[in-house]
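K.L.:
sequence? don't have it. structure:
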């Protein structure tokens, strides 16, 4: 029996999130993984993920059903996706009001009262505040934004949220410090819980076999990039670095506005999320010179597949990367990226050492351990929370 059910603390969780995967989509898999793990631990999980009307009718996004149920072993997750109006980004204040009204109508219509409301991210926390405050439901916020820039509200509203939130689940020390600096919370209320992998999906596979199955050559050095093809993630910087090196091949997995081009591309495009571990296991190293993150899931997934990491020497990586599993570089310096790739290409002992370090670190970053730690954290904050905590 689940200890949380035994203790009568957290039997049911409402997760409010701006997105949730639908029929094989790879968006927000980290939210789905966490919800499924909560359900495996015996919690009743309801997901509220409003969908934008303009995204559907103006941008062709597939419309999801209002309600669906997804089985998880002997439990299930109930997902609600009501429609709400959105405007262009410059009218963000209107979007915040619209989201809050959407949530208000949803709660009135469904009359639910969970033990805990868990919000991805701060914007969802603002939207859920009136409902949770009115019904005395403990409110937790998961701070995982690459940049916390969604704070389009009054100082009064920020103070109300800061006072009411019981705890903040930060994906990195960088996110915690940013949340505190923006006066959204206090250190007492924060815990750092780096993102985690589904170890049943992301694990090291036989490289030779994966290359054979994917039709990739056996005797070449392969760099893997996984992420959105956008400036922040850096696919063009990876391509430029590879173009300056001989005897390097690459896999660019993702999609977006940019189109990385370089010599030696063996694959470029998006693949189903469940296929990504096979591509990672076929590679020799993973390179992601990202500029901003909360805590990058792609990096942790690559580590779980045993790949040495070349990524940014910025604070959002410091909770998961160090000299035992990675080479950290200036993400804007193509020369540094190229030097790191070249060094790992030419030094198999270094590749092996960093790969083993990556596997070792990934063992501590499983979704099972993360879900347990988050439940323990929320239980502790509910049991020991004072009505007002001074900074």
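P.N.:
Received, thanks. Just so it is clear, the structure is predicted and the values come from calculations on it, not from any experiment.
K.L.:
For this protein, which residues score under the pLDDT cut-off?
P.N.:
Along the chain, the model assigns pLDDT under 70 to residues 1-8, 24, 88-93, 149-153, 385-391.
K.L.:
name the element the nearest residue to residue 167 once chain neighbours are set aside belongs to?
P.N.:
Distance criterion C-beta to C-beta, 6 or more residues apart in numbering; nearest residue to residue 167, sequence neighbours excluded, is residue 381 at 4.0 Å. The C-beta positions use only the backbone N, C-alpha and C, and glycine is treated the same way. Element membership for residue 381 (DSSP states H and E) is helix 367-384.
K.L.:
in stretch 117-131, what's buried?
P.N.:
By neighbour count on 16 or more other C-beta atoms under 10 Å, the buried set for stretch 117-131 is 117-129, 131.
K.L.:
Can you give the distance of stretch 204-224 from its chain's centre?
P.N.:
Using C-alpha atoms, centre = their mean, to the nearest Å, the distance from the centre of stretch 204-224 to the centre of the chain it belongs to is 27 Å.
K.L.:
Return the set of buried residues in that stretch.
P.N.:
Residues 204-205, 207, 210-211, 214, 216, 221-224 are the ones in stretch 204-224 that count as buried (16+ other C-beta under 10 Å).
K.L.:
Go through those residues and say which is closest to residue 103.
P.N.:
Nearest to residue 103, judged by C-beta to C-beta, of the buried residues of stretch 204-224 is residue 224 at 39.1 Å.
K.L.:
Counting neighbours, what do you get for the closest residue to residue 55 other than its chain neighbours?
P.N.:
Computed as C-beta to C-beta, 6+ apart, the closest residue to residue 55 that is not its neighbour in sequence is residue 61, at 4.2 Å. Residues lying near residue 61 (other C-beta atoms under 10 Å) number 13.
K.L.:
from what I can see residue 61 touches residue 53, true?
P.N.:
No - judged on C-beta atoms under 8 Å, residue 61 makes no contact with residue 53 at a distance of 9.9 Å.
K.L.:
The closest residue to residue 161 other than its chain neighbours in helix, strand or coil?
P.N.:
Spatially, and ignoring its direct neighbours in sequence, residue 161 is nearest to residue 129 (5.4 Å; C-beta to C-beta, 6+ apart). Judged by DSSP: H, G, I helix; E, B strand; the rest coil, the three-state class of residue 129 is helix.
K.L.:
Residue 129 touches residue 139, doesn't it?
P.N.:
Yes - with contact defined as C-beta under 8 Å, residue 129 reaches residue 139; the gap is 6.8 Å.
K.L.:
Quickly list what's touching both of these two.
P.N.:
Common neighbours of residue 129 and residue 139, using C-beta atoms under 8 Å, 6 or more residues apart in numbering, are residue 164.
K.L.:
thinking again about what came up before, who are the contact partners of the residue nearest to residue 167?
P.N.:
Applying C-beta under 8 Å, 6+ apart to residue 381 gives the contacts 138, 140, 166-167, 189.
K.L.:
Would you mind measuring from it to residue 191?
P.N.:
Distance of residue 381 to residue 191, given as C-beta to C-beta, to the nearest Å: 9 Å.
K.L.:
anything in contact with each of those two?
P.N.:
Overlap of the contact sets of residue 381 and residue 191 (by C-beta under 8 Å, 6+ apart) consists of residue 167.
K.L.:
Contacts for the one helix or strand residue 106 maps to, please.
P.N.:
Assessed by DSSP H and E, residue 106 sits inside helix 92-110. Helix 92-110 has contacts (C-beta under 8 Å, 6+ apart) with 16, 48, 50, 80, 82-87, 123, 126-128, 130-131, 150, 152-153.
K.L.:
if we can go back for a sec, possible to save the buried residues of stretch 204-224 as JSON lines with secondary structure and distance to residue 108?
P.N.:
Shown next, in JSON lines, are those (DSSP: H, G, I helix; E, B strand; the rest coil; distance: C-beta to C-beta, whole Å):
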{"residue": "204", "secondary structure": "coil", "distance to residue 108": "49"}
{"residue": "205", "secondary structure": "coil", "distance to residue 108": "49"}
{"residue": "207", "secondary structure": "helix", "distance to residue 108": "55"}
{"residue": "210", "secondary structure": "helix", "distance to residue 108": "51"}
{"residue": "211", "secondary structure": "helix", "distance to residue 108": "55"}
{"residue": "214", "secondary structure": "helix", "distance to residue 108": "51"}
{"residue": "216", "secondary structure": "coil", "distance to residue 108": "54"}
{"residue": "221", "secondary structure": "coil", "distance to residue 108": "59"}
{"residue": "222", "secondary structure": "strand", "distance to residue 108": "54"}
{"residue": "223", "secondary structure": "strand", "distance to residue 108": "52"}
{"residue": "224", "secondary structure": "strand", "distance to residue 108": "48"}
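K.L.:
Alright, that wraps it up for me.
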